[in-house]
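Enquirer: predicted model and sequence below, questions to follow.
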Protein chains: 2
Amino acid sequence: MLRLYHWPLDPAGRMVRLVLAEKGEPFEAVSSRPWAPELEIASIAPGAVAPALVSTHGTTPRFAASGTRAICEHLEEIRPVPSLLPDDPTERAEARRLWSWVEAGMEEVTDTLLSERVIQWTHRGRQPDSEKLRRGAHALRGRLTFLNALAEQRGNLAGRHLSLADFAAAAHLSAYDYFGDVQWEAVPDLKAWYMRIKSRPSFRPILADRLEAARPVSYYAELDF
Amino acid sequence: MLRLYHWPLDPAGRMVRLVLAEKGEPFEAVSSRPWAPELEIASIAPGAVAPALVSTHGTTPRFAASGTRAICEHLEEIRPVPSLLPDDPTERAEARRLWSWVEAGMEEVTDTLLSERVIQWTHRGRQPDSEKLRRGAHALRGRLTFLNALAEQRGNLAGRHLSLADFAAAAHLSAYDYFGDVQWEAVPDLKAWYMRIKSRPSFRPILADRLEAARPVSYYAELDF
């Protein structure tokens, strides 16, 4: 059995949950905040934080992988079917390039917009930092425009087939969407792409997430929004 | 034949050059600044920047991969020998985790300390931003301490064998070392590790790099420093 340490609104944890579900791999989930080291993970792999995957076969928990790159490549290797990377070497490279682009490009949005929303809800009464919200929203608009062009030209982000690049992007956008921060009207092709990916069975647990302190926007879990 | 677009002091480009050399893969190098899109790359893959690998077999250049994650995984797949990832799945995951940790953790150092040094040398007369230098040096000290503990416990960063994690770290440190910014005395085990990796034939072209405007520190290319 696999145990996944993750925090529900963390885009990295969401990507791993999507990939585990796509591969039909059951797991036990343990809530762990990526900004606070978890003793069990750290004792197995120094400096590792959520998302982290631990194998609980046998008597002592054994480290499997931590971080989206290590976990998703690991799952792709040990559970190659269904594959979430194309067969063709050039297309695989393109999927990994965009996966990497999504993670690097969205970091600024997560660090400003998403963090501020989470702090705002978990520390009631605290005024949000409007400068951070503004910067995050601006960065997100740029990223959405780029992703929309890819969805328009290719159907999915890295090509015709769904890949880890799509799950990385959907994981990030779903977290921002919880607070209503994605302006879907401006990016119709990306919206159509997100409607498709959101309808997949692997997405259901993500749409069922509820932060204790904060309810999502009304259309968060709606498949036709 | 492969063509690599890279900028000599960019840690990402250095990692790719090391991996290509380790795998005995010849390539033609074209200088390209990662902060300025290169027309040829962008026309093949939207938004791609250096480091980028293009295959020049046949009549039209064909995109192979861009970014360290896509390029190094691609090379690992098409040229599996010598392998730069361990065979064991858990050890592979650990190597990828630390590779990812190096790239994420060193980003702050590159954006402050290294960028400031490069600007300082290429725009003569401009005073360096001492606050940025200070922040970069502080971040680097923390990263070095962590890497030193890994080198002490494991020999190499992810375990006993050299892996992509080591080449990622060495690529970053070699760029900072060009300007003398690595305080090796404080991290003796990491220094011993770097001396070993610096002695590899794949490192020679890196040590021969010279920025037109800036000479490296005296011991930059010395194997026993």
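Expert: Yep, it's here. These numbers come from a predicted model, not from an experiment.
Enquirer: so the closest residue to A:P61 other than its chain neighbours versus chain B, what's the distance?
Expert: Once flanking residues are discounted, A:P61 sits nearest to A:V54: 4.8 Å by Cβ to Cβ, 6 or more residues apart in numbering or on different chains. From N, CA and C alone the C-beta is placed, and that goes for glycine too. Using Cβ to the nearest Cβ, to the nearest Å, A:V54 is found at 11 Å from chain B.
Enquirer: and the contacts of the lowest-mean-pLDDT helix or strand in chain A?
Expert: Every helix and strand in chain A was compared by mean pLDDT, DSSP states H and E; the lowest is helix A:39-44, with a mean of 81. By Cβ atoms under 8 Å, 6 or more residues apart in numbering or on different chains, the residues outside helix A:39-44 that reach it are A:Y5, A:S32, A:A48, A:V49, A:A50, A:A52, A:V54, A:P61, A:R62, A:F63, A:S66.
Enquirer: please apply the same query to stretch A:152-160.
Expert: So stretch A:152-160 is in contact with A:86, A:91, A:94-95, A:97-99, A:102, A:147, A:150-151, A:162-163, A:165-166, A:169, A:189, A:193, going by Cβ under 8 Å, 6+ apart.
Enquirer: in helices, which of these appear?
Expert: A:91, A:94-95, A:97-99, A:102, A:147, A:150-151, A:165-166, A:169, A:189, A:193 (DSSP state H).
Enquirer: do stretch A:176-187 and chain B meet?
Expert: No: counting by Cβ under 8 Å from any Cβ of the partner chain, chain B is not contacted by stretch A:176-187; separation bottoms out at 15.6 Å.
Enquirer: show residues contacting that stretch.
Expert: Stretch A:176-187 is touched from outside by A:9, A:109, A:113-114, A:117, A:136-137, A:140-141, A:144-145, A:147-148, A:151, A:173, A:190-191, A:194, A:209, A:211, A:214, A:216-217, A:220, A:225, with contacts defined as Cβ under 8 Å, 6+ apart.
Enquirer: so who does the residue nearest to A:T110 when sequence neighbours are not counted touch?
Expert: Nearest non-adjacent residue to A:T110, counting by Cβ to Cβ, 6+ apart: A:P11, 6.1 Å away. Contacts for A:P11 (Cβ under 8 Å, 6+ apart) come out as A:M106, A:T110, A:L114, A:A168, A:A171, A:H172, A:S174, A:A175.
Enquirer: rerun that using 7 Å as the cut-off
Expert: Shown in contact with A:P11 (Cβ atoms under 7 Å, 6 or more residues apart in numbering or on different chains): A:M106, A:T110, A:A171, A:H172, A:A175.
Enquirer: closest one of these to A:E77?
Expert: Using Cβ to Cβ, A:A171 comes nearest to A:E77 of these, at 20.2 Å.
Enquirer: only C-alpha atoms, please: export the helix or strand harbouring the closest one in CSV.
Expert: When secondary structure is defined by DSSP states H and E, A:A171 falls within helix A:164-178. Only the C-alpha atoms of helix A:164-178 are listed here, as CSV (Å, rounded to 0.1, in the frame of the first residue of the first chain):
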residue,chain,number,x,y,z
LEU,A,164,1.8,15.0,-17.4
ALA,A,165,1.9,18.6,-18.8
ASP,A,166,-1.9,18.7,-18.8
PHE,A,167,-2.2,17.2,-15.3
ALA,A,168,0.4,19.7,-14.0
ALA,A,169,-1.5,22.6,-15.4
ALA,A,170,-4.9,21.3,-14.3
ALA,A,171,-3.6,20.7,-10.8
HIS,A,172,-2.5,24.4,-10.5
LEU,A,173,-5.5,25.9,-12.2
SER,A,174,-7.9,23.8,-10.0
ALA,A,175,-6.3,25.3,-6.8
TYR,A,176,-6.6,28.9,-8.1
ASP,A,177,-10.2,28.1,-9.3
TYR,A,178,-11.2,27.1,-5.7
